[in-house]
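Enquirer: What follows is a predicted protein model with its sequence.
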Amino acid sequence: MVSLVAMLASLIASCDQASPPPIELVVGEGEPVLFKPTVAFAEYVELPGLRNELRITLASYEASCERFIPPGEGQAVVTVAISTPPSLAIQPGSFTWAGAELRGLSGSVQEHPVAEPTARIGSKSYLFGPGGGVQLQVLNLDQYGEVSGVMGFEGPAASDRGATRIRGKFRAKICRSSRAPVN
């Protein structure tokens, strides 16, 4: 009987470990929003001559890789777009958010690696000032591969809002991968 209880306790503990850890989201003044992602996916694209981009999405609701589904009232979604110059492959390691001036425009060549966070809570969207970044620990960019790591974005308070923060571990499946053809 004792071994059955120990086995059940071990099984329950292992199920807990499979559950995603919570994401902490602070978007200014007020209480942090904590949510466990219901959906976690990533998209990878290589834009020859412009940049390589990995977009990680963590949502507290049934979001989709196929089309944008906005969060409902009381729901949250965090997206981190990691971009590198076309000559620099995205690999495990650290990517920081130093601000929009390093991002480049949608049609311009990416010059510096960056990790830009955005968030939506209900109908409101939030951009984040510079500070912190993301650590990619596992990275398989193939279709149905996986990416995992730790987010640690934190920006100081600005005149129009309080401090911002996104923290938490994540694991997401690659739902779309578009690599440039090899010449």
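Expert: Yep, that arrived. Please read these numbers as outputs of a predicted model, since none were measured by experiment. Numbering: from 1, shown residues only.
Enquirer: Just the buried positions in the biggest strand by length in the chain, please.
Expert: When every strand of the chain is counted residue by residue (DSSP state E), the longest turns out to be strand 164-178. Buried residues in strand 164-178, defined by neighbour count with 16 or more other Cβ atoms under 10 Å: T164, R165, I166, R167, G168, F170, R171, A172, I174, C175, S177. All C-beta atoms are positioned from the backbone trio N, CA, C, and that covers glycine.
Enquirer: could I get the residues you listed as CSV with pLDDT and distance to G93?
Expert: Shown next, in CSV, are the buried residues of strand 164-178 (pLDDT from 0 to 100; distance: Cβ to Cβ, whole Å):
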residue, pLDDT, distance to G93
T164, 83, 23
R165, 90, 22
I166, 94, 18
R167, 95, 19
G168, 96, 19
F170, 97, 16
R171, 97, 17
A172, 97, 17
I174, 96, 18
C175, 95, 23
S177, 92, 19
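Enquirer: in this protein, what spans have low per-residue confidence?
Expert: Low-confidence segments of the chain (pLDDT under 70): 1-18, 101-109, 157-163, 182-183.
Enquirer: And the helices in it?
Expert: Taking DSSP state H as the test, the helices found in the chain are 2-18.
Enquirer: And the strands in the chain?
Expert: The residue ranges that make up the strands of the chain, judged by DSSP E, are 23-27, 33-35, 39-47, 51-59, 76-84, 93-96, 114-121, 124-127, 132-139, 146-155, 164-178.
Enquirer: Tell me which of those strands sits nearest to C65.
Expert: Closest approach to C65 among those is made by strand 164-178 (3.5 Å; Cβ to Cβ).
Enquirer: ok now the closest one, how far from the chain's centre?
Expert: On the basis of Cα atoms, centre = their mean, to the nearest Å, the separation between the geometric centre of strand 164-178 and that of its chain is 3 Å.
Enquirer: orientation of it relative to strand 132-139 in degrees?
Expert: Put simply, strand 164-178 runs at 40 degrees to strand 132-139, going by axes from the mean of the first three to the mean of the last three Cα atoms, to 10 degrees.
Enquirer: quick check: angle from strand 164-178 to strand 39-47?
Expert: In this structure, strand 164-178 runs at an angle of 60 degrees to strand 39-47, with the same axes, to 10 degrees as the basis.
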